[in-house]
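Participant: can you look at this prediction? I've put the sequence above it.
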Amino acid sequence: MIYLDTSAAAKALIDEDGSAAMRQAFADGTGFVSSRLLAVELHAVADRRAISTEAAQELLDRVALVSLSDDTLARAVELHLGLRTLAALHLATALEIGDAVESLLTFDLEFAAAAQRFGIDAGPRV
């Protein structure tokens, strides 16, 4: 499965560079997994951009969402990633999932670099 962060998922809802590729990945049935944080973030994007909540929810229904455990929260702190809070939580979640994560799909260059330091192939490849 591919770990999906908000910078990539939002492109399926917003018309910008990379949007067509993200929409195609969802249309192709690519297997995505993410933290439940993605739901909060995508609904916030929908609210800010006047996108229907139904469109955000339809996209989320195609992603396996993983709950944040206390261990995941602790790992985000212990790793001293230097990332913004939600990116640190997303990376800690991807690391907790482990081998089930084949790669990480993000358009956040700092997040991609941090993931790669932990051996996770990351970047905007769809």
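Facilitator: Yes, it's here. Quantities reported herein were computed from a predicted structural model and do not represent experimental measurements.
Participant: state the distance from L89 to T53.
Facilitator: In this view, L89 and T53 are 23 Å apart by C-beta to C-beta, to the nearest Å. Glycine gets a C-beta too; all of them are placed from N, C-alpha and C.
Participant: swap that for F32, please
Facilitator: In terms of C-beta to C-beta, F32 sits 19 Å off from T53.
Participant: give me the more crowded residue out of the two.
Facilitator: The neighbour comparison of F32 against T53 (other C-beta atoms under 10 Å) goes to F32, with 21 against 11.
Participant: tell me the bridge partners for the more buried one.
Facilitator: In this entry, F32 is beta-bridged to I2, V63, by DSSP bridges.
Participant: that one against D61, yeah?
Facilitator: No - contact criterion C-beta atoms under 8 Å: F32 and D61 do not qualify, at 10.9 Å.
Participant: for M1, give me its contacts.
Facilitator: Residues counted as contacts of M1 (C-beta atoms under 8 Å, 6 or more residues apart in numbering) are 31-33, 64, 100-102.
Participant: mind picking the two most distant members of the residues you listed?
Facilitator: Maximum pairwise distance in these, criterion C-beta to C-beta, is 13.2 Å, between A64 and E102.
Participant: can you count the residues close to S103?
Facilitator: 15.
Participant: over to L79?
Facilitator: Quick note: L79 (other C-beta under 10 Å) scores 16 neighbours.
Participant: got a list of what it touches?
Facilitator: Counting by C-beta under 8 Å, 6+ apart, L79 has contacts 88, 91-92, 95.
Participant: with T93 instead?
Facilitator: 3, 34-35, 37, 66, 68, 72.
Participant: give the contact list for the residue lying closest to it once chain neighbours are set aside.
Facilitator: Using C-beta to C-beta, 6 or more residues apart in numbering and skipping residues adjacent in sequence, the residue nearest T93 is S35, 4.1 Å away. Neighbouring residues of S35 by C-beta under 8 Å, 6+ apart: 65-68, 72, 89-90, 93.
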